[in-house]
Every structure is written in structure tokens, then in C-alpha cells.
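Q: Let me see the structure of the following:
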Amino acid sequence: MPHLHNGLVSFSQFIFFTFPLLSLFNFFSLDKLHRTGDKSLSYEFVN
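A: As a prediction, the model looks like this:
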């Protein structure tokens, strides 16, 4: 069972490290999309 436990721990660490990176990437891509898109929408998004 220790092998399974190590797998679960590494999997949870992988998820915990991946989700913040994905959310950061999504935030920055959304920011770029808003900057190139409608200005009022981008100001609304920032404020």
C-alpha cells in the first residue's frame, strides 16, 4: 500500500501545482483578450 499512497500524494501535489498555473494562464489570456477587445468591457473587467 505505500506505493499507492505515494502515487496519491504525488497526484494531489500535481493537481495543487497545476490548477494555480492554469488559473494564472487563464487570467492572463483573458486580460490580453480584454485589452485587445472592447475597451469598456476591459475597464469593467478590471474595476
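Q: From here on, just use CA atoms for contacts and neighbour counts.
A: OK.
Q: Run through the neighbouring helices and strands of the top helix by length along the chain.
A: Secondary structure of the chain per DSSP state H: the longest helix is helix 2-36. Contacts defined by 3 or more Cα pairs under 8 Å, 6 or more residues apart in numbering; DSSP states H and E place helix 2-36 against helix 39-46.
Q: Which pLDDT value goes with residue 36?
A: At residue 36, the model reports a pLDDT of 59.
Q: before we move on, what about the one 5 residues further on?
A: Residue 41 is assigned a pLDDT of 55 by the prediction.
Q: same question, residue 20
A: We have a pLDDT of 85 for residue 20.
Q: again with residue 10
A: pLDDT, residue 10: 88.
Q: do the one 4 residues further on as well
A: Note on residue 14: pLDDT of 87.
Q: now swap in residue 24 and tell me
A: The score at residue 24 is 84. That number is its pLDDT.
Q: same question, the one 5 residues further on
A: Reported pLDDT at residue 29 in the predicted model: 77.
Q: and it, how many neighbours?
A: By the criterion of other Cα atoms under 10 Å, residue 29 has 12 neighbours.
Q: Can you tell me how far it is from residue 22?
A: Using Cα to Cα, to the nearest Å, residue 29 is found at 10 Å from residue 22.
Q: One more: residue 13?
A: From residue 13 to residue 22 the distance is 14 Å (Cα to Cα).
Q: now residue 10
A: According to Cα to Cα, residue 10 stands 18 Å off from residue 22.
Q: swap in residue 5?
A: Relative to residue 22, residue 5 is positioned 26 Å away (Cα to Cα).
Q: again, but for residue 7
A: Per Cα to Cα, residue 7 is found 22 Å from residue 22.
Q: Over to residue 28?
A: In this view, residue 28 and residue 22 are 10 Å apart by Cα to Cα.
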